[in-house]
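S.K.: I'd like to go over a predicted model; first the sequence, then the structure.
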Number of protein chains: 2
Amino acid sequence: MRLSRYFLPVLKETPSEAQIVSHRYMLRAGMIKQQAAGIYSWLPMGFKVLRKLEDIVHEEQIRAGHVPMLMPTLQPADLWQESGRYDAYGPEMLRIRDRHDRDMLYGPTNEEMITDIFRSHVSSYKDLPLTLYHIQWKFRDEVRPRFGVMRGREFFMKDGYNFDLTKEDALHAYNRHLVSYLRTYERMGLQAIPMRADSGPIGGDDTHEFLVLAETGESEVFYDSAVTDIRLGARDIDYDDHAQCQSIMEEFTALYARTDETHDEGAFLKDVPLDRQRTARGIEVGQIFYFGTKYSEPMGAMVQGPDGKQVPVHMGSHGIGVSRLVGAIIEASHDDKGIIWPEGVTPFHVGIVNLKQGDAEADGACEKLYKSLEAAGLEPLYDDRDERAGGKFATMDLIGLPWRITVGPRGLKNGVVELTCRRTGESEELTPKDAVARVIDIYAPHKAHSSAHWEPMARQSFHTWL
Amino acid sequence: MRLSRYFLPVLKETPSEAQIVSHRYMLRAGMIKQQAAGIYSWLPMGFKVLRKLEDIVHEEQIRAGHVPMLMPTLQPADLWQESGRYDAYGPEMLRIRDRHDRDMLYGPTNEEMITDIFRSHVSSYKDLPLTLYHIQWKFRDEVRPRFGVMRGREFFMKDGYNFDLTKEDALHAYNRHLVSYLRTYERMGLQAIPMRADSGPIGGDDTHEFLVLAETGESEVFYDSAVTDIRLGARDIDYDDHAQCQSIMEEFTALYARTDETHDEGAFLKDVPLDRQRTARGIEVGQIFYFGTKYSEPMGAMVQGPDGKQVPVHMGSHGIGVSRLVGAIIEASHDDKGIIWPEGVTPFHVGIVNLKQGDAEADGACEKLYKSLEAAGLEPLYDDRDERAGGKFATMDLIGLPWRITVGPRGLKNGVVELTCRRTGESEELTPKDAVARVIDIYAPHKAHSSAHWEPMARQSFHTWL
């Protein structure tokens, strides 16, 4: 993308309404614009990151064998009356009356609707196991929306629902979600620690929240510092393998890690070695639940078992806050100049800064770099505006592309350009050709990471090659 | 995808509420489920098609130089009060009051909001031309929703908005949209004819609707039959070339083609040769508008021109009904057995029917076919259920995959499988290897069609290769 043709309305001043760093940087980098309290437009660069996160979530869910679909944003009230949650839900639920005076609501979650879909179409254990999910806009009418997209009212969420014949199968689905979520966050460059959580209004016994450690987190967390050394990495995962998923779940949840809601001070002090006891703040970026027959029983989601008897299915629900993740990634990865995107989610792979726009040689070198990078399947952002170097550097630092190539007449005289790492600030002089090769190398592991383990199905579903 | 692991709830009976063929087939093929009047869940196969159409729209918009972003579904009422449309819009607008008694609405379109974004961030002619678009759920509270997704209340629409300094530039944006829309529809296997239209509540002088001819269309249309012979085809298009876009616009709109709203019987009888006068019905799948300064003036979307003076920008808005297109494609392409997907939008490229599930040889041959097709980047749907052949064929015909490979013990004895074209019903016996090669060949032009003309940018934005 050439910046002259893009819409990147960078702000010079820090907006006064923004209390936390991700909100400030998202506004300043022209990623979002507030349209009403807790309701945002995603400007082009913000949308690009949001869409990349959505793609990663889809890919990892499909890889785990979960089936994508899409439920509407508005729901009829009667489904919620059936489950008993219509009255229970409180003023966070946005209630709507249509022109025929029918009671509707803007869905804050979808347990009722998915259970209705299931009971309408599935009647035999032979169709199980089944996990359906969607990524859709939700609404919760927070009394005091704040922190930008971190605590918005209209937010983008992945929510998935498993249907299983037995509790044992449903617990495997729980473990499968835990593993797929770990993979998802790691691909986004995040460490999200599963912590034992409180089930809240969804209900149920088994539940873990995934927390990203960050000073601005809304939850106080207590953990054994050794938990931060565990990584999923590139290990091969067979999502049909109950034992493997169980063992990964145990590996990641054996050590003490809890939010303040479930924190047990006695156990913490007793079980965690003194030098590994940590308290910090965390941002919740996902949660998984097993809740058994809590919805299937009252709503009649039954299947005929192998013995011919009707039994309610065992269910769980599993969510990832996709729009919130954009903020969480920034909270976890920034400095005082701006955002620092992890390579896996950056809106553009590399920035090109032309120090002397209009100079034939500099322009030519930039064009050539731009086209070579595009030809390699990378997406550069070329700052081709007629602006002074300082302004261009400040913009690049603010928007946080992980790599920058700087092109100027002085370097070109020696046949070199400068490749700079946003995170370390370190620069290296290279020929333009070598700079392109280096950037290709940098992104190669990310490319390999996803295609190597990727079912063609996933690629086809969300990545039209037609 | 293996059917045993998918969720494809095919119905045997024809649902009584469905009056038109696309609605019937979408329900029967397990693509959608109604959740309330005019509000649908998109079950996995329906969602897959919807997502393919969304991808095609994104690709063609980005190719035309338009910039994707995303506005929220809910909007504050005050923006609409500013433009004067809050009172004008009538009961189709779903009005909502939040917990703080603020007036909101579920956006039926986005002229006001995009104008607000523009005026907040752009102040110079140097930032023009600019076209921003998004694909988002909209709501229109139709008094009598019907025809399934063709006239739903919650619907998925692409709407784009151009901002230009002069009327001439804005008319180029109009032409650019017309061309990009023609390309979009052709990739979907549709002929959509631009017809002079009425501007309705959006306002403005220049407007064309795109109509797909179909018996069940809601509009009566009048046209010169020669208009149906014009195709965009694979011609190279430079979207920056005003003259080329203008000439394509003229080529496609020179002949008489109007809806009943703008039909002029005298001109029709006079200008169209008798043997080419046609009346038919059509489904509206898109519309483009130029409306000048209708929103920019009252809302103060001004830029400083080259002469230093403040001038209101010239705007237009341009829409494609993405969810409605799923129905329109089926209306235009089906027979009495079910849907016939065009190759460009089919949810799966080829079906594999195993005539004798459980037979080691048949199972093995199917597995090998399945894996070879996936390895070639194609997405097969393998009916691996233990069902009789008749049921499997009926399902494949109903869901409408354009190609089917039938595998049975008798054929395998002679080393062959059967490749069947859904549209013609013609079958051919081939070795499994040749059948795979044939299917790859069939889809090759679609693959080439998009990648050959495709900016790397487009692919990167919506098709994470990371």
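M.R.: Done, it's in.
S.K.: can you get me a residue count around the closest residue to chain B within the stretch 101-250 of chain A?
M.R.: Residue nearest to chain B within the stretch 101-250 of chain A (Cβ to the nearest Cβ): A:H121, separated by 3.6 Å. Where you see a C-beta, it was placed from the backbone N, CA and C, and this is true even at glycine. Using other Cβ atoms under 10 Å in any protein chain shown, A:H121 has 17 neighbouring residues.
S.K.: pretty sure it is touching B:G30, no?
M.R.: Yes - with contact taken as Cβ atoms under 8 Å, A:H121 and B:G30 are classed as touching, separated by 7.4 Å.
S.K.: joint contacts of the two?
M.R.: B:F7, B:P9 (Cβ atoms under 8 Å, 6 or more residues apart in numbering or on different chains).
S.K.: ends of stretch A:346-364, how far apart?
M.R.: From the first residue to the last, stretch A:346-364 extends over 26 Å; the measure is Cα to Cα, to the nearest Å.
S.K.: try stretch A:331-338
M.R.: Using Cα to Cα, the distance between the terminal residues of stretch A:331-338 is 11 Å.
S.K.: and what of stretch A:271-282?
M.R.: The first-to-last residue distance of stretch A:271-282 comes to 21 Å (Cα to Cα).
S.K.: on that earlier part again, skip the chain neighbours and tell me the closest residue to the residue of the stretch 101-250 of chain A closest to chain B.
M.R.: B:P9 (3.6 Å; Cβ to Cβ, 6 or more residues apart in numbering or on different chains).
S.K.: distance-wise, check A:G46 relative to chain B.
M.R.: The span separating A:G46 from chain B equals 8 Å under the rule Cβ to the nearest Cβ, to the nearest Å.
S.K.: quick one, whichever strand or helix holds that residue and helix B:44-63 angle?
M.R.: Assigned by DSSP states H and E, A:G46 falls within helix A:44-63. Orientation of helix A:44-63 against helix B:44-63 (axes from the mean of the first three to the mean of the last three Cα atoms, to 10 degrees) gives an angle of 150 degrees.
S.K.: next structured bit after helix A:44-63?
M.R.: Toward the C-terminal end, the helix or strand that comes next after helix A:44-63 (DSSP H and E) is strand A:67-68.
S.K.: per-residue confidence averaged over that next one?
M.R.: Averaged across strand A:67-68, pLDDT comes to 97.
S.K.: for the stretch 51-200 of chain A, give me the ranges with low pLDDT.
M.R.: Across the stretch 51-200 of chain A, the ranges flagged by pLDDT under 70 are A:199-200.
S.K.: quick one, strands of it?
M.R.: Using DSSP state E, counting those that start in this stretch, the strands assigned to the stretch 51-200 of chain A run over residues A:67-68, A:74-76, A:94-97, A:103-106, A:130-139, A:154-164, A:192-196.
S.K.: identify whichever of those lies nearest to A:L274.
M.R.: The closest approach between A:L274 and any of those, judged by Cβ to Cβ, belongs to strand A:192-196 at 20.0 Å.
S.K.: packing partners of that closest one?
M.R.: Where contact means 3 or more Cβ pairs under 8 Å, 6 or more residues apart in numbering or on different chains; DSSP states H and E, strand A:192-196 is packed against helix A:167-187, strand A:206-213, strand A:219-224, helix A:242-253, strand A:257-259, strand A:277-292.
S.K.: okay if I get the ones you listed as TSV plus mean neighbour count?
M.R.: Supplementary listing: those in TSV, determined by neighbours: other Cβ atoms under 10 Å in any protein chain shown:
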stretch	mean neighbour count
helix A:167-187	23
strand A:206-213	24
strand A:219-224	20
helix A:242-253	16
strand A:257-259	23
strand A:277-292	22
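S.K.: including distance to B:H177, could these go into CSV?
M.R.: Putting the helices and strands packed on strand A:192-196 into CSV (distance: least, Cβ to Cβ, whole Å) gives the following:
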stretch, distance to B:H177
helix A:167-187, 36
strand A:206-213, 42
strand A:219-224, 47
helix A:242-253, 49
strand A:257-259, 50
strand A:277-292, 38
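S.K.: put together TSV for the ones you listed, with distance to chain B on each row.
M.R.: Rendered in TSV, the data for these read as follows (distance: least, Cβ to the nearest Cβ, whole Å):
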stretch	distance to chain B
helix A:167-187	8
strand A:206-213	20
strand A:219-224	24
helix A:242-253	16
strand A:257-259	26
strand A:277-292	19
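S.K.: could you list the domains of chain A?
M.R.: Structural domains of chain A, as assigned by automatic domain parsing, span the residue ranges A:21-339, A:348-448.
S.K.: most tightly surrounded among the ones you listed?
M.R.: Across those, averaging neighbours per residue (mean count of other Cβ atoms under 10 Å in any protein chain shown) puts domain A:21-339 on top, at a mean of 20.
S.K.: what about it, start to end distance?
M.R.: In terms of Cα to Cα, the two terminal residues of domain A:21-339 are separated by 9 Å.
S.K.: quick one: that domain to chain centroid distance?
M.R.: Taking the mean of its C-alpha atoms, domain A:21-339 sits 10 Å from the chain's own mean (Cα atoms, centre = their mean, to the nearest Å).
S.K.: again with stretch A:372-391
M.R.: 27 Å.
S.K.: does that stretch reach chain B?
M.R.: Yes - in terms of Cβ under 8 Å from any Cβ of the partner chain, part of stretch A:372-391 sits within range of chain B, namely A:E374, A:A375, A:G377, A:L378, A:E379.
S.K.: switch those residues over to CSV; also include secondary structure.
M.R.: Listed next are these as CSV, based on DSSP: H, G, I helix; E, B strand; the rest coil:
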residue, secondary structure
A:E374, helix
A:A375, helix
A:G377, coil
A:L378, coil
A:E379, coil
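S.K.: now for these: which two are most distant?
M.R.: Across those, no pair lies farther apart than A:A375 and A:E379, at 11.5 Å, counting by Cβ to Cβ.
S.K.: for chain B, what are the nearby residues on the stretch 251-400 of chain A?
M.R.: Taking Cβ under 8 Å from any Cβ as the measure of proximity, the stretch 251-400 of chain A contacts chain B at A:E343, A:G344, A:E374, A:A375, A:G377, A:L378, A:E379.
S.K.: pretty sure the last one is in contact with A:M1, am I right?
M.R.: Yes - when contacts are counted by Cβ under 8 Å, A:E379 is listed as touching A:M1 (7.1 Å).
S.K.: before we move on, back to that, report the angle between the helix holding A:G46 and helix A:167-187.
M.R.: 140 degrees.
S.K.: now do helix A:44-63 against strand A:277-292, angle only.
M.R.: For helix A:44-63 against strand A:277-292, the angle by the same axes, to 10 degrees is 60 degrees.
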